[in-house]
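Q: After the sequence you'll find the predicted model.
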Amino acid sequence: MKLSQAPAAVVTGGASGLGAATARRLAAAGAKVALFDLADGSAVADEIGGTYHEADVTSEDSLKAAFEAARAAHGQERILVNCAGICPAAKTISRGEAHSFALYAKTIDINLTGTFRTAALSALGMSTLDPVTADGERGVIIMTASVAAYDGQVGQVAYAASKAGVAGLTLPLAREMSQFGIRVATIAPGIFETPMLSGLPEKAQASLGEQVPFPKRLGKPDEYADLAAFIVESPVLNGEVIRLDGAIRMAPR
């Protein structure tokens, strides 16, 4: 599907980081983009001529309301990019205490179940559309995992489990959606310049970048956005998790 054939798109976590970069990339290609986020995404939406809708991916009602508002503004989306997520750091046992079970459950609910909630609700709408290609394609769903799904580090038990779940969700979801002409793919980023890392000193960020075999730097959100756009326009790319990581394999610590 060409980006020009997809006049409406939804990006979760669109107020900043990977989501904001993706929203800008899709808008530059001509899509009307709706940003879903708990953080205020109005500035990004105004910049790209899109809309912002407050949305909590842990709430079915919140997501349904956000989709209703986005579709009223732009029509039914053909592209969904899931970038909403959190990255807590906590060990299973630390200083005589067990990992917070509430934090573990929250991480799974946002990163994994929230991704599924959003994908399922978007797919339901996409399935009602007419195909736009000779193959019968109606839409594309892109999800975000992480290299932590494969190389989870000490202190990443909740985060790694949630992202491994997204990776595992990819193929069966793609197989289910095939009957509707909806493709599903996942991007697994390495270490990227996002708000999660922006609070670190420059020296620490440079040290992280040095761990990447090539190029020896942090990934840029625009590079994630470019891959998302490539997935949309690659009709046989389906059911795959793509590492975008400069060949890094994370050490235990």
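A: Great, that's in hand.

Q: quick check, distance from stretch 224-237 to the centre of its chain.
A: 13 Å (C-alpha atoms, centre = their mean, to the nearest Å).

Q: Return it as PDB; C-alpha atoms alone will do.
A: Written as PDB, here are the backbone C-alpha positions of stretch 224-237 (Å, rounded to 0.1, in the frame of the first residue of the first chain):
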ATOM      1  CA  TYR A 224      12.400   4.400  13.200                       C
ATOM      2  CA  ALA A 225       9.900   6.500  11.300                       C
ATOM      3  CA  ASP A 226      11.600   5.700   8.000                       C
ATOM      4  CA  LEU A 227      11.300   2.000   8.700                       C
ATOM      5  CA  ALA A 228       7.600   2.400   9.600                       C
ATOM      6  CA  ALA A 229       7.000   4.100   6.300                       C
ATOM      7  CA  PHE A 230       8.900   1.400   4.400                       C
ATOM      8  CA  ILE A 231       6.800  -1.300   6.100                       C
ATOM      9  CA  VAL A 232       3.600   0.400   5.000                       C
ATOM     10  CA  GLU A 233       4.800   0.400   1.400                       C
ATOM     11  CA  SER A 234       6.200  -3.100   1.300                       C
ATOM     12  CA  PRO A 235       3.300  -5.500   0.400                       C
ATOM     13  CA  VAL A 236       5.000  -8.800   1.200                       C
ATOM     14  CA  LEU A 237       6.400  -7.600   4.500                       C
END
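
Q: and stretch 112-127, average pLDDT?
A: Stretch 112-127 carries an average pLDDT of 98.

Q: which residues are contacting that stretch?
A: 10, 12, 36, 57-58, 60, 63-64, 67, 71, 76-78, 80, 82, 84-85, 138-139, 141, 143-144, 162-163, 165-166, 169, 173, 177, 180, 182, 184 (C-beta atoms under 8 Å, 6 or more residues apart in numbering). The C-beta positions use only the backbone N, C-alpha and C, and glycine is treated the same way.
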